[in-house]
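Student: Give me a model of this one.
(chains A and B)
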Protein chains: 2
Amino acid sequence: MDATTRIENALEAAVRRAEVPGAPPQLAAALRYAVFPGGARIRPKLCLAVAQACGDDQPGIADAAAASIELLHCASLVHDDLPCFDNAATRRGKASVHKAFGASQAVLAGDALIVMAFESMALGTALMPQRLPGLIMTLGRASGMPFGITAGQGWESEETISVADYHRAKTGSLFAAATMAGAVAAGAAPADGWRLLGERIGEAYQVADDLHDLVSSAEETGKPAHQDQTNGRPSAVEDLGFEGAVHRLETLLKEAIGSIPPCPGANELRSVILAQSKRFVPKGLVLVAA
Amino acid sequence: MDATTRIENALEAAVRRAEVPGAPPQLAAALRYAVFPGGARIRPKLCLAVAQACGDDQPGIADAAAASIELLHCASLVHDDLPCFDNAATRRGKASVHKAFGASQAVLAGDALIVMAFESMALGTALMPQRLPGLIMTLGRASGMPFGITAGQGWESEETISVADYHRAKTGSLFAAATMAGAVAAGAAPADGWRLLGERIGEAYQVADDLHDLVSSAEETGKPAHQDQTNGRPSAVEDLGFEGAVHRLETLLKEAIGSIPPCPGANELRSVILAQSKRFVPKGLVLVAA
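Tutor: Next up, the predicted model:
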C-alpha cells in the first residue's frame, strides 16, 4: 500500500470514530472538514518514510503515528485561522473552519483533533503497548508547552519575540516529531539524528514557505498571499534576502540528509526526502542538496 | 500526604515544566493562572479517593492521573469562558483567562493544558508503562469526540440538542474518567461500576449546580449567577422543579454509592463521597443519601 493510501485510511478511521450516534453532528462534520481533503500531508509522509527506513515492522503503529502527527497539524491550522489569530477566511482552497462552521465549532474542532491524536496513538499501539510511552511523549513535546506548536503560536502574541524559539516551536517541533515518531513506531533505538533530521526539514520548509509567500499567488497555495508581511511575522526572506534564503534552504537540506542515522533504508529515505523537498520549493528554483 | 497536597504538588510539577527558558512567558503565565488557585478540585479528589479504595499501590501514577483529569477540566473552563461561548468575565473569583490575557492566549492555554494532561500521564507512568494505554484511552474518551467534554460543549452550538447526551458528555464524562482513572492507576481490574460511580456523581454535581445557579449569588460561586438561564441551557431545575431536582440529586447519590465495585477500601470511599457531596449541595439542603 502506498504512503498516501496508508495515511488517508488511518485518518479516515480516526475521524469516523467521532461520527457515531450520540455525537454532536455539526462538530463531527467540522472535524471531517478540517481533515479532508488534506494538503500535501508532508509531515505524515515524512513519518512513514522514516518508519520504512527503520524496517516498518509494525505498519499499524507507523500509520497511527503518521495520522496523529497530521491530526495535530490540522488542529493547529484550525486554531491559527481563528479571528483572534490570523483571521484567515480560506484554507486549502476552501472556507476556513471558523468561516464554514463558526468560531465556537472551530475552537472545539481543534480541541477534539488534539485529543484524537493522542487517542489514536493509544489505539494504534494496542498490540505493542511498550511503544506507546515514547510516542505520547513525542506528540506531547511537539504540540504543547514549552516547545511545541502551541508555544510557537504563543510567541506571535508576545511583546518580545525570540525568532529562533518561534520557528523551532511553530514549525520545527512537529517535523521533529514526525521523524522521531516514525523511528519509535518502527522500534528503532532513539537517536539524536532523527530529531535533527526533522528539525532541519522543518526549518527548510519554513524558509520555502517564506519564499512562497513572496512569489506565489493566493490561487496557487489555497490561502491568502503575503500573509507573513500582513501579520508582521518574522520571515527568512526579510532577514536574509531572496538569494540568502535560497542558499539557506540548500544548506538545511544538506544538513538534513547528513543527519540520517544508520538504518536499513537510509539510501531510500535520502531519495524520498530529496523528492519531497522538490515539491515544497517554489517553482523555478533548483536546489542542489545532494 | 493528604489528597489536596498530592493534587496541588502534581499540578505544580506539570505547570512548572512549561515555565522554562525558551518558552513564551505570557503563555506560561496564562497556564499557571488557569490552574492556580483551583476550585474545589472535586474531580482529582474523586480520582485519588478511588485509587486509595483500590489500594493505591503506585501513588505517583494516581497523582499524575488526578492532575491530568484536573488539567483537562481547567482547559475546558478556559475555552468555555471564551467570547464565542459563554463570554464569561470572571471565573473562580477573578478575571477569566481571556479577560486577563486576551482571547488568543486563552485558546492556546486551553490547547496546551490538554496536551499537558496526556504528557503528564506518560511521565507519571514511566515506572509502570503497562498502565499507560488504559489511562490515555480514559482521558481521551472523557475529553474528545464523540462523547467527551468537547462533544458536550459542542451540543450547546447544535440546532437540535440532545439533553441526555449533552449532560453525559459535558459533565458526566470527566467524572467517569476520574473514577475510572483512579481505578486503572491503582491497577484495579476494569469494572463497569467505576464508570457508573463517576457518571452518577457527575450527574448529581450537574443537578446541584443547577440548584446553585438558582439560589446562589455570584459572590458565593465566583462566577456570574443565573448563567444557565442567560445562556438558554437545559437545567434540571427547569425540567423537574426545585423539589424534583432535590429528589433527583438524592437518588443519584444513592445510585452512585450503590455502584461501587468490591474493593479493599469500599467503606471509606463511601464516606468520602458522602462528605464531598455535602460540599457541593447548596447550603440549607439536607440530603439523605445513605
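
Student: contacts and neighbour counts: CA atoms only from here.
Tutor: Fine.

Student: In the strand or helix carrying A:K99, which residues are buried?
Tutor: Assigned by DSSP states H and E, A:K99 falls within helix A:97-101. Of all the residues in helix A:97-101, those buried under the rule 16 or more other CA atoms under 10 Å in any protein chain shown are A:V97, A:H98, A:K99, A:F101.

Student: Please give me every residue in contact with the residue in the stretch 151-290 of chain A positioned nearest to chain B.
Tutor: Among the residues of the stretch 151-290 of chain A, A:W155 lies closest to chain B, at 5.5 Å counting by CA to the nearest CA. By CA atoms under 8 Å, 6 or more residues apart in numbering or on different chains, the contact list for A:W155 reads A:I161, A:S162, A:Y166, B:P24.

Student: Tell me the spacing between A:V15 and A:L71.
Tutor: To A:L71, A:V15 is 10 Å away according to CA to CA, to the nearest Å.

Student: and what of A:M180?
Tutor: Taken as CA to CA, the span from A:M180 to A:L71 is 16 Å.

Student: next one: A:G152
Tutor: In terms of CA to CA, A:G152 sits 17 Å off from A:L71.

Student: Surely A:C74 touches A:A34?
Tutor: Yes. Here A:C74 lies in contact with A:A34, judged by CA atoms under 8 Å, at a distance of 6.4 Å.

Student: Quickly find the element holding A:A67.
Tutor: Going by DSSP H and E, A:A67 is in helix A:59-80.

Student: buried set for that helix?
Tutor: A:59-80.

Student: Keep only the residues you listed that also lie close to chain B.
Tutor: Subset of the buried residues of helix A:59-80 in contact with chain B: A:H79, counting by CA under 8 Å from any CA of the partner chain.

Student: Check A:A289 and give its pLDDT.
Tutor: The per-residue pLDDT reported for A:A289 equals 45.

Student: Next: A:S277.
Tutor: pLDDT, A:S277: 79.

Student: Can you tell me the SS state at it?
Tutor: helix (DSSP: H, G, I helix; E, B strand; the rest coil).

Student: and if you look at A:A181?
Tutor: Going by three-state DSSP: A:A181 is helix.

Student: do the same with A:C263
Tutor: coil.

Student: number of nearby residues for it?
Tutor: 15 (other CA atoms under 10 Å in any protein chain shown).

Student: Can you tell me the closest non-neighbouring residue to it?
Tutor: Spatial nearest neighbour of A:C263, chain neighbours left out: A:C54 (5.6 Å); criterion: CA to CA, 6 or more residues apart in numbering or on different chains.

Student: Count the residues that sit near the one you found.
Tutor: Neighbour count for A:C54, taken as other CA under 10 Å: 24.

Student: With A:P83 instead?
Tutor: Neighbour tally, A:P83, other CA under 10 Å: 15.

Student: tell me which element it is part of?
Tutor: In this assignment (DSSP H and E), A:P83 forms part of neither any helix nor any strand.

Student: on that earlier part again, out of the buried residues of helix A:97-101, which comes closest to A:T138?
Tutor: Distance to A:T138, by CA to CA, is smallest for A:V97 among the buried residues of helix A:97-101, at 26.9 Å.

Student: Extract the C-alpha set from stretch A:39-46 and format it as CSV.
Tutor: Only the C-alpha atoms of stretch A:39-46 are listed here, as CSV (Å, rounded to 0.1, in the frame of the first residue of the first chain):
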residue,chain,number,x,y,z
GLY,A,39,-2.9,19.5,2.0
ALA,A,40,0.4,17.9,1.0
ARG,A,41,0.4,15.6,4.1
ILE,A,42,4.1,16.3,4.2
ARG,A,43,4.6,15.5,7.9
PRO,A,44,2.8,12.1,7.9
LYS,A,45,4.7,11.2,4.7
LEU,A,46,7.9,12.0,6.4
